[in-house]
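Enquirer: Predicted model, plus sequence, below.
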Amino acid sequence: MPAFRLAAAAALSTLLAAPVDAQPAQLVVQVYSFGFAPHPIHLAAGKPVTLSFVNQSGSGHDFSAPGFFRDAKITAGSAPDDEIELRPHETKSITLVPARGTYQAHCSHFLHKQMGMSDTIVVD
């Protein structure tokens, strides 16, 4: 029995000494006229993350990413119609588990995408 306890303690210490995943528990996505930051957005597949969308603009914007929100498992918050709608200077958060893939995002307001308000989400 002592050999089993020693082996269990060794396995536990190895597990606890493993490096912590680089995936942040929270990622702030800055929304401004006319862009998003970071650009691109990098996330880890299968790792929960809270995305906080901060509209730094005095105008309304949205973060529309249909494939991304559709494929993710949303655990808190919501993305009605696969987008986060933001009033001027508003912040909204959503917690989700992203699915592997590369997704396109943009602001769907009139001509905002054409003015450069688009981004890529890379989930590895």
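Expert: Received it, and whenever you're ready, just let me know what you need. Numbers count the residues shown, from 1 in each chain.
Enquirer: Run through the chain and note the low-pLDDT ranges.
Expert: 1-24 (pLDDT under 70).
Enquirer: Pick out the residue nearest the middle of it.
Expert: Leu51 (4.5 Å; CA atoms, centre = their mean).
Enquirer: Enumerate every residue touching that residue.
Expert: Gln26, Leu27, Val29, Ser93, Ile94, Thr95, Leu96 (CB atoms under 8 Å, 6 or more residues apart in numbering). Quick note: C-beta positions are derived from backbone N, CA and C, even for glycine.
Enquirer: try 10 Å this time
Expert: Shown in contact with Leu51 (CB atoms under 10 Å, 6 or more residues apart in numbering): 24, 26-29, 41, 43, 63, 65, 68, 72, 77, 79, 84, 92-96, 98, 121.
Enquirer: That one and Ser59: what is the separation?
Expert: 21 Å (CB to CB, to the nearest Å).
Enquirer: Now do stretch 112-121: distance from first to last residue.
Expert: 18 Å (CA to CA, to the nearest Å).
Enquirer: Pull out the buried positions in that stretch.
Expert: His112, Lys113, Met117, Ser118, Asp119, Ile121 (16 or more other CB atoms under 10 Å).
Enquirer: what's near enough to touch Ala25?
Expert: Neighbours of Ala25 in contact, by CB under 10 Å, 6+ apart: Lys47, Pro48, Val49, Thr50, Thr95.
Enquirer: if we can go back for a sec, the buried residues of stretch 112-121 in strands, which ones?
Expert: Ser118, Asp119, Ile121 (DSSP state E).
Enquirer: Enumerate every residue touching the nearest residue to Asp82 once chain neighbours are set aside.
Expert: Leaving aside its sequence neighbours, Asp82 sits nearest to Pro66 (CB to CB, 6 or more residues apart in numbering; 3.9 Å). With contact set as CB under 10 Å, 6+ apart, Pro66 has these partners: Ala79, Asp81, Asp82, Glu83, Tyr103, Gln104, Ala105, Ser108.
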